[in-house]
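Chemist: any chance you can model this:
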Amino acid sequence: MAEIKKNILATLAYFDVFNYPLTREEISLFLPVKCDPVTFDMAMSCLVGCRLIYRFDRFYTLKNDPYLVKRRNDGNRKAAEMIKTARKVGNILIRFPYVRGIAISGSLSKNYADAESDIDLFIVTAPNRMWVARTLMHFLKKLTFLVNREHYFCMNYYIDEQQLEIAEKNIYTATEVVTLIPIQGDTTFADFFTANAWTRDYLPNHIMRVSTAKPLSRFLLKNLIEWLLNNRLGELLDNKLMRITASRWDQKTREKRLNDHGMLLAMATGKHYAKPDPKNFQINLISRYETRIAQLLVENQHSVAN
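Modeler: Below you'll find the predicted structure:
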């Protein structure tokens, strides 16, 4: 049972980085190992009894702080409203050429939002036309600044169907993948989740969602533009837009420009992807997570072992 206790603490430690308490069912869902319910419940009771974890109503946390539960409940309510808005945004964006799938990502995909939250979106495009799609979609985002709705259109992660597998494989990316909420492109995300079956190495109990997405519809203007660009001209245009965008983002990074949340603007780019540069966030987060686990195990070695 000692190993299960360690894994429960590790699960809570990950979400503790975000000050996000979990229910019993969520802890079981994000547990990095398989575990029978009886052993799991015994381990949970032991950890609560030893005050290594704290229970408030139906939530568990490493911190003896009931405010975290209020924060989560408030965030869940706000997220429910923002997810409705995100679905409306998805209904607009799926009409753009070469867009094949849209999913909610970030904190909103974990059903949490606050006053500073954006609607983060994960976009899948047709092969070799990702940069055409991205450029057209970001023209729309420029217009949203005029009506103060830019936070509804945070399209910050793009991949295309030729390279569906996420390159970085760690607890952070696994969690981000399995918690995506697909809203457009059901078969696209079925293929995406198949390509990222490696997430089971980190989260073997989590089933990825596909049924939340609508099937793709046909749109006349979208089909016409794709027909016009499904040739050598479209390939040249896609490559050109990739070079222009990569150059502009490199300049932003060199100038140490920050986004609205105070983070350095940086983007990793390639023919089949455009995503936030993982060096700016993932390494720091995983380091904090691993340090927290090590600290817990050292401080509570006797209680965990028994």
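Chemist: show me the helices in the stretch 151-300 of the chain, by range?
Modeler: Along the stretch 151-300 of the chain, counting by DSSP state H, counting those that start in this stretch, helices occupy 171-178, 186-195, 220-229, 232-254, 282-299.
Chemist: for the chain, which residues score under the pLDDT cut-off?
Modeler: Filtered on pLDDT under 70, the chain yields the residue ranges 260-263, 278-280, 300-306.
Chemist: walk me through the domains of it.
Modeler: In terms of domains, the chain is parsed into 2-69+285-305, 77-282 (source: automatic domain parsing).
Chemist: as CSV, the ones you listed with mean neighbour count would be great.
Modeler: No exception for glycine: its C-beta is placed from N, CA and C like everyone else's. What follows is the domains of the chain, written out as CSV (neighbours: other Cβ atoms under 10 Å):
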stretch, mean neighbour count
domain 2-69+285-305, 16
domain 77-282, 17
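Chemist: re the thing from before, make JSON lines from the helices of the stretch 151-300 of the chain and add distance to Cys46 to it.
Modeler: Listed next are these as JSON lines, based on distance: least, Cβ to Cβ, whole Å:
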{"stretch": "helix 171-178", "distance to Cys46": "24"}
{"stretch": "helix 186-195", "distance to Cys46": "35"}
{"stretch": "helix 220-229", "distance to Cys46": "56"}
{"stretch": "helix 232-254", "distance to Cys46": "48"}
{"stretch": "helix 282-299", "distance to Cys46": "14"}
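Chemist: which one of these lies nearest to Ala266?
Modeler: Nearest to Ala266, of all the helices of the stretch 151-300 of the chain, is helix 232-254, at 4.5 Å by Cβ to Cβ.
Chemist: what packs against that closest one?
Modeler: helix 130-144, strand 267-270 (3 or more Cβ pairs under 8 Å, 6 or more residues apart in numbering; DSSP states H and E).
Chemist: reformat the ones you listed as a markdown table; add distance to Leu164.
Modeler: Converted to a markdown table, the helices and strands packed on helix 232-254 look like this (distance: least, Cβ to Cβ, whole Å):
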| stretch | distance to Leu164 |
| --- | --- |
| helix 130-144 | 12 |
| strand 267-270 | 14 |
